[in-house]
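Q: using only what follows, build the 3D model:
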Amino acid sequence: MKVAIVGASGAVGQEFLRILSERNFPMDDLVLFGSERSAGRKYTFKGKEYEVKLLQHNDDFKDIDIAFTSAGAGTSKEFAADITKYGAVMIDNSSAFRMDEDVPLVVPECNAEDALNRPRGIIANPNCTTIMMVVVLKPIESLSHIKRIHISSYQSASGAGAVAMAELQQQYKEIVETGEVKTINKFPHQLAYNVIPQVDKMTENDYTKEEMKMYNETRKIMHSDVRTSATCVRVSSLRSHSESVWMETEKPLTVAAVREALSSAPGVTLKDDPQNYVYPMPLESAGHDDVYVGRVRKDLADDNGITLWLTGDQIRKGAALNAVQIAEYLIKIGNVK
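A: Below you'll find the predicted structure:
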């Protein structure tokens, strides 16, 4: 098994290296690819040093079985044909192909089988906020169909990449040293000691692209007519996203039934004892694989409503881990060349 990582020097690319090592992913060789800026850098994986190769239009992917790509939508679109030409499975972390009808959009806990139908050799990894939410929604959907979702996200700086994390840390440093922030490049406003009610660009309907991803991707992953209204907010935590989720089901559900379903759901850890201050927080979900869920309660404004809070590491489950789990599923059932 020969594996490639495209975008190896980025935050998600580095997380791929950690997760592949931690999970002892079955592979014989590894090839790292990057831009002109990253080419030549060296990284150690399982005691062996690997040098980042320049991503080019050539036959470098001829012997690759699985390629994890996380270098942005533009790069994925430009190089998809080169990556898949000789039969490699391209598991793409960008937004390039997510809503294409001939590209499956997969979260293994929800719709792993969709990965088997990939006429272009591409499997899309969903948006991080969507992944974490649908992992939690799936066991509830099995109790009663979810008709509507309202969600507010609280997204950390790391959702915008390693450069954004560094910018937030620099802003705090500037506040301590000079009392004012001078470095504002990655975000439209100062993020330190602030929240920004915009993640990604605005669309014509005044919802952001991030918010529309949650609407469209949730329907595709869950094969559902569910309607999602989202407000995505950037907060000044460094890593792990959180979400406040309200859902309306076709029939009323008890909190006990929802908690029971969540407690046995794959990829979910239930932390729900609010009377004793036990609930999920991003500090504790950072670096972990599961999506943490708590504050499960009946909605006071809707008899068929359930409200909950979740948090998860969006670089792991929201990106690299989900992609690796897709690959593990394909290997398990023998669906790789």
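Q: tell me which residues in the helix or strand containing T130 are buried?
A: Applying DSSP states H and E as the criterion places T130 in helix 128-141. Of the residues in helix 128-141, 128-141 count as buried by neighbour count, 16 or more other CB atoms under 10 Å. The way it works is simple: take the backbone N, C-alpha and C, and place the C-beta from them, glycine included.
Q: so can I have a markdown table of those showing pLDDT and distance to W309?
A: Putting the buried residues of helix 128-141 into a markdown table (pLDDT from 0 to 100; distance: CB to CB, whole Å) gives the following:
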| residue | pLDDT | distance to W309 |
| --- | --- | --- |
| C128 | 95 | 17 |
| T129 | 96 | 14 |
| T130 | 97 | 17 |
| I131 | 97 | 17 |
| M132 | 97 | 12 |
| M133 | 98 | 11 |
| V134 | 98 | 16 |
| V135 | 98 | 14 |
| V136 | 98 | 10 |
| L137 | 98 | 14 |
| K138 | 98 | 17 |
| P139 | 98 | 16 |
| I140 | 98 | 14 |
| E141 | 98 | 18 |
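Q: circling back: buried residues in the helix or strand following the helix holding T130?
A: Where DSSP H and E defines the elements, the next helix or strand beyond helix 128-141 is strand 146-155. By 16+ other CB under 10 Å, the buried positions in strand 146-155 come out as 146, 149-151, 153-155.
Q: about what we covered before: for the buried residues of helix 128-141, give me CSV that also has distance to V89.
A: Below are those laid out as CSV (distance: CB to CB, whole Å):
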residue, distance to V89
C128, 21
T129, 25
T130, 21
I131, 19
M132, 24
M133, 25
V134, 22
V135, 22
V136, 27
L137, 27
K138, 24
P139, 28
I140, 31
E141, 28
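Q: neighbours around A115, how many?
A: For A115, the count of nearby residues is 21 (other CB atoms under 10 Å).
Q: could you pull out the strands for the stretch 1-150 of the chain?
A: All strands of the stretch 1-150 of the chain, identified by DSSP state E, counting those that start in this stretch, fall at 2-6, 29-34, 42-45, 48-51, 53-54, 66-69, 89-92, 122-124, 146-155.
Q: dump the ones you listed to TSV, plus distance to A261 and mean pLDDT.
A: What follows is the strands of the stretch 1-150 of the chain, written out as TSV (distance: least, CB to CB, whole Å; pLDDT from 0 to 100):
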stretch	distance to A261	mean pLDDT
strand 2-6	35	98
strand 29-34	38	97
strand 42-45	38	96
strand 48-51	42	96
strand 53-54	46	97
strand 66-69	31	98
strand 89-92	28	98
strand 122-124	27	98
strand 146-155	12	98
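Q: a markdown table please, covering the ones you listed and showing distance to V12.
A: Below are the strands of the stretch 1-150 of the chain laid out as a markdown table (distance: least, CB to CB, whole Å):
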| stretch | distance to V12 |
| --- | --- |
| strand 2-6 | 9 |
| strand 29-34 | 12 |
| strand 42-45 | 14 |
| strand 48-51 | 17 |
| strand 53-54 | 18 |
| strand 66-69 | 9 |
| strand 89-92 | 11 |
| strand 122-124 | 14 |
| strand 146-155 | 15 |
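Q: for the residue lying closest to F187 once chain neighbours are set aside, list each beta-bridge partner.
A: Nearest in space to F187, with sequence neighbours left out and distances taken as CB to CB, 6 or more residues apart in numbering, is I196 at 6.1 Å. I196 has these beta-bridge partners by DSSP bridges: R234.
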